[in-house]
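Trainee: model this:
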Amino acid sequence: MKILVIRPSPTGEELANDLNNIGIPSWHFSLFDFYPSSSSISLSKKINILYQSKIILIFSKKSVYYTNLYLKKNNLKWPFHARYYAIGKSTAFFLYNYIKKNFFSYKKRK
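Mentor: Below you'll find the predicted structure:
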C-alpha cells in the first residue's frame with residue numbers, strides 16, 4: 001500500500017520524496033499549486049482592500065509567504081491596525097515572523 005500525499009507543490013513533492021527515501025512508499029498528487037501572481041493590476045486593487053480591512057483571516061503559510069513577497073517587492077508593510085486571525089498553530093507562528101503583533105489563533109480545548 002502507498003501513501004497518497006495531497007499537498008500543494010513543492011512541499012507535497014518534498015514530503016513524498018522524504019517518505020520514499022525512508023522506505024515508506026508514497027506518491028504526490030496536488031489538487032492545486034501556489035505561485036506568485038503575474039497580474040499586477042489585480043494585486044494592486046486587492047492591496048487597497050487589505051489596508052482597509054479591520055479583520056484579516058490567514059489560512060495558510062503560503063498565503064502569508066506570497067503576500068509578504070508582494071508587500072516587500074512594493075516596499076509596503078503588513079497593516080498594523082487590523083486584527084489578525086490565523087487558522088492553525090504553524091500558520092500563526094509563521095505569520096508572527098512578519099507582523100510581530102499579538103493576534104488570535106484557534107486553540108483546542110482539552
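Trainee: quick one: contacts for residue 76?
Mentor: Each residue near residue 76 by Cβ atoms under 8 Å, 6 or more residues apart in numbering is listed here: 47, 70. Placement of C-beta: from N, CA and C, glycine included.
Trainee: Helix or strand: which one has residue 85?
Mentor: strand 83-86 (DSSP states H and E).
Trainee: Pull out the buried positions in that strand.
Mentor: By 16 or more other Cβ atoms under 10 Å, the buried positions in strand 83-86 come out as 84, 85, 86.
Trainee: quick one: strands adjacent to that strand?
Mentor: strand 55-58 (parallel), strand 104-105 (parallel) (DSSP bridges).
Trainee: and the first one, how far out from the chain's middle?
Mentor: On the basis of Cα atoms, centre = their mean, to the nearest Å, strand 55-58 sits 12 Å off its chain's mean C-alpha point.
Trainee: The helix or strand following that strand - contacts with which helices or strands?
Mentor: Using DSSP H and E, the helix or strand that follows strand 55-58 in sequence is helix 61-73. When contacts are defined as 3 or more Cβ pairs under 8 Å, 6 or more residues apart in numbering; DSSP states H and E, helix 61-73 packs onto helix 40-52, helix 89-99.
Trainee: Same list (these) but as a markdown table, adding distance to residue 30 and mean neighbour count.
Mentor: Putting the helices and strands packed on helix 61-73 into a markdown table (distance: least, Cβ to Cβ, whole Å; neighbours: other Cβ atoms under 10 Å) gives the following:
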| stretch | distance to residue 30 | mean neighbour count |
| --- | --- | --- |
| helix 40-52 | 23 | 12 |
| helix 89-99 | 19 | 16 |
